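>>> sequence and predicted structure, then a few things I'm wondering about:
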Amino acid sequence: MDIDENDKPKTAASTAKAPKKAVVTPSASAETSSPHPSMSLAQDIHRLTMFHNGKLTVSNATDIMGMEPKDLMEKVMTRVGCGERGLEVALKENEEKLKESEEGEKKKGQDKKAADGKSDDVSKGEEEEEEPLLNPSLYRHLQSTLSYTSPSSLSEENLEALSAHNTASIATLRTRISKAKDEAGDMEVLHAHMDLARYCARCCTKEEALEAYDEVLALPKLSVGKKLDAYLEMARVCSFWGDWRKMKDTLEKAAKVIANGGDWDRRNRLKAYQALSFLLVRDLQSASKLLVDGIATFSCTELCDYAEFITYAILTNLLYLPRTELKKNIIDGSEILQVSKEIPVMVQLANTLYDCDYKQYLHTLVDLQPHLVANRHLQPHAGYILRELHVLAFQQFLDSYQSVTLESMAASFGVGVEFLDLQLSRFIAAGRLTAKIDKFGGVVETNRPDWKNARYRDMIQKGDLLLNRIQKLGRVVDL
């Protein structure tokens, strides 16, 4: 029999700790997933890095972060370290949680029925968003990267104490695994392995966490659902540490597993993970399809909040959806209207493009730029996205005219004639716009491509090439 358990919605104790801005409720499998590593913490670290490298101004950083960069720095480093109550208190609380977890496992072994309604493992005690990570390796990395020199920073002696504590805690969890193998069943062994993997995801390095999850996946009789849960948590570990290649490989393995079965909820969550993976490799078209399909069914609150997911959906689908579908799915989408106040720049971008208000559209692109830089999934592609959004507006404008003067077009976009001439010439030379500029007459003439004849000519050329290859193959066979 495969290892699995009933993924029932938890009690009010778990739902009460949902993110304040969340519009959706986590699904059953999402609610039982580990809160570590935290993707919101990863975003905060990225924003501090962009500010430290001079890619975000103080005012932009403050508006996006909701607080001064120095205050966010203290908040992040405090959370990565030992919290606000000091090292000794944090270590003592962590030891108590490990003991409570062990007592919970013993009680499960004595009364399995009662255990089905409880969640006493290590990860469930860690659901509070501001719980300290006790992660010395991440703390040292951020200390070096962000030049953190606050008087309240942890000393090297404190970091060594954290490392020693984590080593002892991991040894305790491994002892629990051995005990479960000797005295309990497959389900208890699975819980013990997941406790170790989730502890490593919170307190240790990427390599240690992935190794622990590999041990989970190596367990016999593991159900499709549990395999997928492990793969998704592994993908989040890779994402947190910026290992996009490993994340992509992990999600490909997860897709192969779920092809053999799996419930609708986990399939839905996997699509959200895949969409962000496509974003990271700049496959915006593939991402746009998964994102727009997931708007109404999003439940991956451990991956990102709903407003962030909608941001990705709007941005990618602006580039690929036809105007009629854009109106239906984006402009008038009820789910998007629910979070419109949280993402005013994205909503204004979509509305101005649809309403052909090109002057305001370009102003909105200026406001959009710092938001792209401040997002860890979009920042590597910020220049590309802005360029594509410019091309989109120019193409939409030119589609309405056979010819138009540069002066009239510049007035519509609220820019100078020289600037517009420079932009159009670049995009025309690159083959992105089907137009030509009459510099002497100051006119832009649209060349509408004949796609039907172009496809016919392409077919003829490929047919000739195929016939030539067949003739060469025939000569070889005759010889």
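Yep, that arrived. This one's a predicted model, so the numbers in the text were calculated from it and none came from an experiment. Numbering: from 1, shown residues only.
>>> leaving out sequence neighbours, find the closest residue to residue 296.
Spatial nearest neighbour of residue 296, excluding adjacent residues (C-beta to C-beta, 6 or more residues apart in numbering): residue 335 at 5.9 Å. Just so you know, the C-beta spots here come from the backbone N, C-alpha and C atoms, and that holds for glycine as well.
>>> tally of neighbours for that neighbour?
Residue 335 is flanked by 17 other residues according to other C-beta atoms under 10 Å.
>>> what's the answer for residue 351, then?
16.
>>> could you give the mean pLDDT of the host helix or strand of it?
Here residue 351, judged by DSSP states H and E, is contained in helix 344-354. Helix 344-354 carries an average pLDDT of 96.
>>> flag every buried residue along that helix.
346, 347, 348, 349, 350, 351, 352, 353, 354 (16 or more other C-beta atoms under 10 Å).
>>> again, but for stretch 471-479
Buried residues in stretch 471-479, defined by neighbour count with 16+ other C-beta under 10 Å: none.
>>> hmm, back to that, tell me the angle whatever helix or strand comes next after the helix holding residue 351 makes with helix 344-354.
Once helix 344-354 ends, the next helix or strand along the chain (criterion: DSSP H and E) is helix 358-373. Here helix 358-373 runs at an angle of 140 degrees relative to helix 344-354 (axes from the mean of the first three to the mean of the last three C-alpha atoms, to 10 degrees).
>>> and residue 158, which of the three is it?
Classification of residue 158 by DSSP: H, G, I helix; E, B strand; the rest coil places it in helix.
>>> what distance do you get for it to residue 135?
Using C-beta to C-beta, to the nearest Å, residue 158 is found at 13 Å from residue 135.
>>> and for residue 316?
Using C-beta to C-beta, residue 316 is found at 33 Å from residue 135.
>>> which of residue 158 and residue 135 has more residues huddled nearby?
Between residue 158 and residue 135, counted using other C-beta under 10 Å, the more crowded position is residue 135 (25 against 16).
>>> what are the phi and psi angles of that one?
Backbone torsions for residue 135, taken as degrees, to the nearest 10, come to phi -110, psi 100.
>>> how about it, nearest residue that isn't a chain neighbour?
Spatial nearest neighbour of residue 135, excluding adjacent residues (C-beta to C-beta, 6+ apart): residue 203 at 5.1 Å.
>>> pull the number of nearby residues for that neighbour.
Residue 203: 24 neighbours (other C-beta under 10 Å).
>>> show me what contacts it?
133, 134, 135, 166, 169 (C-beta atoms under 8 Å, 6 or more residues apart in numbering).
>>> ok, now which ones touch the third one?
Under the criterion of C-beta under 8 Å, 6+ apart, the neighbours of residue 135 are 80, 81, 162, 202, 203, 204.
>>> tell me the secondary structure for the residue nearest the centre of the chain?
Nearest to the geometric centre of the chain sits residue 276, at 4.4 Å (C-alpha atoms, centre = their mean). Look at residue 276: counting by three-state DSSP, its state is helix.
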